[in-house]
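>>> Predicted model and sequence below, questions to follow.
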Amino acid sequence: MKILGIIPARYDSTRFPGKPLIDLAGKSMIQRVYEQAKKASSLADVVVATDDERIFKAVKKFKGNVIMTLPSHKSGTDRCAEVSKKMIGFDAIINIQGDEPLIDPKQINLLANCFNDISTELATLVKKIETDEELFNQNTPKVIINKNSEAIYFSRQVIPFIKGVSTDQLLKTHIFYKHIGIYGYRTTTLGIISKLKLGNLEQSEQLEQLRWIENGYTVKVALTKKESLAIDVPADVNKVLEALKK
């Protein structure tokens, strides 16, 4: 099994423009993500996929692999699909979030292991929800899993609905899972799903993975206990800097 790690990175983030190039204790965020990904033993290679010349030059400066992609892509999945056509010979692709500078290489390996099962088309990670804040945060997608460790549905709302239980007792009566935003695709499947049209479920929830489920694809799920630490807005930077000191 030959797996390629791709880190989609764009400069024009709505909430935090230029964040791939912010300085985090002497290294850019994209460099830290890249270096963490390179530690994953499951990956045969790692490449940054960007549509911005500034990011391209920054990756070249620290001698990383980088490839320019079209500026028209609407998602990291689309960007990964373009790269997979240019870098052939890989059985699967891992889409690594470019805003998680402390990503654990073991999480990448955990996701990659899903493809040891030849029936796996798509894969992602989930984590048990520990707090009410996470449970009721609409920016934290929740996921329901079947007995085969496959995602049934993703939602920004609390799922499943627990009848007859007050909201402050939900975590005491049921195990809820949140989605960790790292994806794996079998290369042949990636080429197909990148051509799928926007569906009703994705349009309603604004969650890309619902497009795959709505079209009948199975998303394999692996459970992680590791908490991810992403930089979504400038206020998140200090959290990462504090973590880097530990």
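It's in. As the structure is a computational prediction, the values presented were derived from the model and not from experiment.

>>> element containing the residue nearest to the spatial centre of the chain?
By CA atoms, centre = their mean, the chain has its centre lying nearest to residue 182, at 2.3 Å. In the assignment (DSSP states H and E), residue 182 maps to strand 177-186.

>>> Do a quick rundown of the strands in this structure.
3-9, 23-24, 27-28, 45-50, 66-68, 92-95, 122-128, 142-145, 151-155, 177-186, 219-223 (DSSP state E).

>>> pLDDT score for residue 21?
Residue 21 is assigned a pLDDT of 96 by the prediction.

>>> brain fart, residue 213
In this model, residue 213 carries a pLDDT of 97.

>>> From residue 15, how far out is it?
According to CB to CB, to the nearest Å, residue 213 and residue 15 sit 27 Å apart. To be clear about C-beta, it is placed using only N, CA and C from the backbone, and glycine gets the same treatment.

>>> Can you find the helix or strand in this structure with the smallest mean pLDDT?
Lowest on mean pLDDT, DSSP states H and E among the helices and strands of the chain sits helix 237-244, with a mean of 91.

>>> That helix - contacts with which helices or strands?
If you count contacts as 3 or more CB pairs under 8 Å, 6 or more residues apart in numbering; DSSP states H and E, helix 237-244 packs onto strand 23-24.

>>> distance between the strand it packs on and the chain's centre?
Centroid displacement of strand 23-24 relative to its chain, using CA atoms, centre = their mean, to the nearest Å, is 21 Å.

>>> next one: stretch 5-20
13 Å.

>>> Over to stretch 158-167?
27 Å.

>>> hmm, who's touching that stretch?
Contacts to stretch 158-167, defined as CB atoms under 8 Å, 6 or more residues apart in numbering, come from residues 132, 135-136, 142-144, 153, 170, 173-174, 176.

>>> By neighbour count, which bits of that stretch are buried? Give me those.
Going by neighbour count (16 or more other CB atoms under 10 Å), the buried part of stretch 158-167 is 158-159.
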